[in-house]
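A.B. asks: just need the structure, nothing else, for what follows:
(3 chains)
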Amino acid sequence: MPNRRIFIDKISQGWMIASLATILLLPVIIGLALYMKANPLLEQQSLSTLLFSSEWLPSQGKFGFWPFIAGSLYVTLLAFIFAAPVCLFAAIHLTQFASKKLIRWMYPVIDILAGLPSVIYGVWGILVIVHFISDILAPFFNTSSSGYSILAGGIVLTVMCIPYMLNMLIEVFNTVPIGLKEASLSLGSSYWESVKHVVVRKSFPGIISAFGLGIAKAFGETIAVMMVVGNQVKVSGNPFDAGYPLPALIANNYGEMLSIPMYDSALMFAAFLLLVIILSINLIFRYLIHKTTRK
Amino acid sequence: MNRRKLIEERFFKLLSSIASYSLIAILAFIIVIIFVKGFHALTFDMVIKAPKGGFYYGGEGGVLNAILGSLYIAGGASIIAIGIGMPAALYINVNLVRHHALQNTIRYFLDALWGIPSIVYGAFGFTLMLYLGMNASLLAGIITVALLITPIMIRTFDEVLCTIPKGLLESSLALGSTNTETAFRVMFKQGFSGFITAILLAFGRGIGDAASVLFTAGYTDLIPVNLDEPAATLPLSIFFQLSSPIPEVRERAFASAAILTLIILVISLTARALSKKYSKSNLQ
Amino acid sequence: MFTDVEMCEKPDVVSTPYGSTSILRIRNLNVFTEDHHILKDINLDIPKNKITVLLGPSGCGKTTLLKCMNKLTDLYQELKVSGNIFIDEDDVLHSNSNIPAIRQKMGLLSQRPYPLPMSIFKNVAYGIKLQGVKNKSLIAETVERNLREVGLWEEVKDRLHSPGASLSIGQQQRLCLARGLAVKPWIILADEPTSALDPISSKIIEDLFRNLKQKYTIILVTHILRQAVRLADHVVFMNFGEIIEQGKPMELFKNPSTKQLKEYLVDGN
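C.D. replies: Residues are numbered from 1 along each chain as shown, chains lettered A, B, ... in the order given. Predicted coordinates:
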């Protein structure tokens, strides 16, 4: 074999390995870089103060992240509560009942929903959801709201999470062997009962994982939420109040980051926190999904 | 079947079909709102002019700077992502074909990477930029977005590559190809539809992402000519225009949103059409 | 990877009962998976310019044996291979660097055809281009000669540039054969090449094999007894990973000396 071919083979193998290694090391590198940047703050204050104090006064050096963490948890929770049933039922419909024709239509719909940039969801939220809340929903519940609220953030996030969760649920349901359903049907169960008892039960770990990953996705979403959520630093249980999720904190304040002491450390700590939380959720639930669908 | 069973079945079938039809409704709702609002304010100037003085107070100009900035960033990032992603995906499917467990572990990590939010990439891009002594610029934006879209690219391409039967790999090796030749001449071609989908998906993600370029690309009214100049992007332009109190500027934000949506729709539909075309001509 | 590199002394060129030398010599070949011993102490000489048929029930290891011959076992992590396979001066199993060149000495015809994702013309030209042939007219001539050799030329000469996958499956299999022949192999490894084909295409392939053995050595894996009877010059009967019996087909099938082959002949018919 000519040396040139061996040489090219060696070079390109090196390139391939280097590429793969780079991308696999990326989360570690990101984590380290952010941690190093956040370190000054971590040396100064204890982790529990940072996480659970509500005092956010950057100019006085007080960094309590609780309002932001609570804000993130709140919008995420709302989004999950709204999105989970829709996704579950839609996935059941698409994998068990729907006609081939509808499925052909649905795939591009899900794709496009998943592909729309988050800023577009934000614009839509401002145009529709914010007005809906301030003009209709808030009066209905006898309160007043500007519309820029945790609820608005939750609803916009719901729509953004749906295609993401739905895709995974469809994949999970499709791995349930047909024979299992047939067995259940031939025992005299109705179609819905086989879905309920066999399909859903069989794919239970997969469903939990898809939900978990949807939550992770919602937790890290930035621009769309930031556009409708109001961005006020306070802890409130009222969904008509404004909130301030963690990603919005980072995105809104990067401009001043280098002007206030420790502020850059604080924002990088927030990013590090996001990375750790979301990556762990992903690693755990992806593991479950891989175990259930790769066989 | 007794009555209660029947009613339960009817009810849940109805409920689940409502759930799935509602998705079509939601998509239609979003797109109609964006287009109706957007086309109202959309002028030809919007797409052929950069902002003139006082643009953000309702003055003359358009968002050409942002459109081009987004295309440059997404284009540049896609090129880097191809350079890293294509060989990585091929490596998984050619060299690692005998190591099933390793293949799946790698796929698992890549999937998990896909979940990292873009604001984290943005923050990382920013620290990287400071570390390298760069300024917010087109190049910094490109690198950050490239990191964001490479995992997407690898996994999308890989999804198609891993459906190629092992027999083809064997045939190619039996003809005396090296691993490299097998990867680039045979597997790459056979999986070409997946490659196209991967590029377009990554490109679309690159155009639409705002959080990652917020820190790194800077923002300017000028159209960037060099890699070290700052660049505007369409999502950020929408975002900034929307935060203006002046109604005309907000109207323009809606027009920009319509432009962005249109670009994304075109990319998404092209990806579908192309991947269909190539998968027909290559496989049976 | 291979811990037991017992580079045993090169066996002398063995003459076979067919008056021809052996072209491939397998010595002490063992293949294991985690919990199975798939091939047990295989020693085999493949006579030149003959059709050697590896016959046996499915799961007896004949396909694995074939894959060892051009080291495609590399693709299967679970297989642990030891032993030696000599072709010419080279040991297939222990020459990692040169393996693409060694593989070119053996053309592969698999159970179902796998045309490469390129045109009919390029499918056949692929191997010789890898060898470094650049001369266009030489390439074109080689492509035509090999397509003629498998009787495909008249059928495809007007659409040489349409994708290989656009042919019928029988044509695809002949294309794969032409593609293998173009690199001038010494041996054709055929793994149940007719199992996916219709009867007419199968017959064409069988006829081709009869002609091709003038120039090439053919090793054919099959579980179809009649096919073995029709084609074989030398039959190797395998069962449970061992070579049970081998010899000329007529002698072997008329007077099987082992119980296993007797049973197989009864069931197979």
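
A.B. asks: just give the closest residue to the residue in the stretch 151-269 of chain C that chain A sits nearest to, not the sequence neighbours.
C.D. replies: Nearest to chain A, among the residues of the stretch 151-269 of chain C, is C:Val183, at 12.2 Å (Cβ to the nearest Cβ). Yep, even glycine has a C-beta here, placed from its N, CA and C like the rest. Spatial nearest neighbour of C:Val183, chain neighbours left out: C:Gly127 (3.7 Å); criterion: Cβ to Cβ, 6 or more residues apart in numbering or on different chains.

A.B. asks: quick one: least confident helix or strand in the chain?
C.D. replies: I'll assume chain A. Lowest on mean pLDDT, DSSP states H and E among the helices and strands of chain A sits helix A:178-186, with a mean of 78.

A.B. asks: actually it's chain B I care about, not the one you picked
C.D. replies: Every helix and strand in chain B was compared by mean pLDDT, DSSP H and E; the lowest is helix B:44-48, with a mean of 81.

A.B. asks: show me the contacts for the residue of the stretch 151-269 of chain C closest to chain A.
C.D. replies: B:175-176, C:104, C:107, C:127-128, C:130-131 (Cβ atoms under 8 Å, 6 or more residues apart in numbering or on different chains).

A.B. asks: want to throw the residues you listed into TSV with pLDDT, neighbour count and secondary structure?
C.D. replies: Shown next, in TSV, are these (pLDDT from 0 to 100; neighbours: other Cβ atoms under 10 Å in any protein chain shown; DSSP: H, G, I helix; E, B strand; the rest coil):
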residue	pLDDT	neighbour count	secondary structure
B:Leu175	89	29	coil
B:Gly176	86	26	coil
C:Gln104	87	23	coil
C:Gly107	87	30	strand
C:Gly127	87	27	helix
C:Ile128	88	23	helix
C:Leu130	86	22	helix
C:Gln131	84	16	coil
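
A.B. asks: which residues touch the helix or strand of chain C with the lowest mean pLDDT?
C.D. replies: Using mean pLDDT, DSSP H and E, the weakest-scoring helix or strand in chain C turns out to be helix C:259-268, at a mean of 82. Contact with helix C:259-268 is made by C:56-57, C:225, C:237, C:239, C:244-245, C:252-253, C:256, as judged by Cβ under 8 Å, 6+ apart.

A.B. asks: now with 6 Å, please.
C.D. replies: C:225, C:237, C:239, C:244-245, C:256 (Cβ atoms under 6 Å, 6 or more residues apart in numbering or on different chains).

A.B. asks: out of those residues, which are close to chain A?
C.D. replies: Among the contacts of helix C:259-268, no residue sits close to chain A (Cβ under 6 Å from any Cβ of the partner chain).

A.B. asks: neighbour-wise, which one of these leads?
C.D. replies: Neighbour counts for those (other Cβ atoms under 10 Å in any protein chain shown) peak at C:Phe237, which has 26 neighbours.

A.B. asks: partner residues bridging that one?
C.D. replies: Note on C:Phe237: beta-bridge partners by DSSP bridges are C:Leu55, C:Glu245.

A.B. asks: distance of it from C:Leu109?
C.D. replies: C:Phe237 sits 21 Å away from C:Leu109, going by Cβ to Cβ, to the nearest Å.

A.B. asks: A:Asn39: neighbour count?
C.D. replies: Counted with other Cβ under 10 Å, A:Asn39 comes out at 14.

A.B. asks: check which helix or strand it maps to.
C.D. replies: helix A:3-44 (DSSP states H and E).

A.B. asks: so what does that helix touch, helix or strand wise?
C.D. replies: In terms of contacts (3 or more Cβ pairs under 6 Å, 6 or more residues apart in numbering or on different chains; DSSP states H and E), helix A:3-44 is packed against helix A:263-293, helix B:64-94, helix B:118-132.

A.B. asks: tabulate these (CSV), appending distance to A:Pro245, mean neighbour count and mean pLDDT.
C.D. replies: Listed next are the helices and strands packed on helix A:3-44 as CSV, based on distance: least, Cβ to Cβ, whole Å; neighbours: other Cβ atoms under 10 Å in any protein chain shown; pLDDT from 0 to 100:
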stretch, distance to A:Pro245, mean neighbour count, mean pLDDT
helix A:263-293, 10, 21, 88
helix B:64-94, 25, 23, 94
helix B:118-132, 10, 24, 91
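
A.B. asks: okay, these in JSON lines with distance to B:Asn226 next?
C.D. replies: Putting the helices and strands packed on helix A:3-44 into JSON lines (distance: least, Cβ to Cβ, whole Å) gives the following:
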{"stretch": "helix A:263-293", "distance to B:Asn226": "27"}
{"stretch": "helix B:64-94", "distance to B:Asn226": "11"}
{"stretch": "helix B:118-132", "distance to B:Asn226": "16"}
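
A.B. asks: how about the ones you listed in JSON lines, adding distance to chain C?
C.D. replies: Formatted as JSON lines, those follow (distance: least, Cβ to the nearest Cβ, whole Å):
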{"stretch": "helix A:263-293", "distance to chain C": "18"}
{"stretch": "helix B:64-94", "distance to chain C": "10"}
{"stretch": "helix B:118-132", "distance to chain C": "35"}
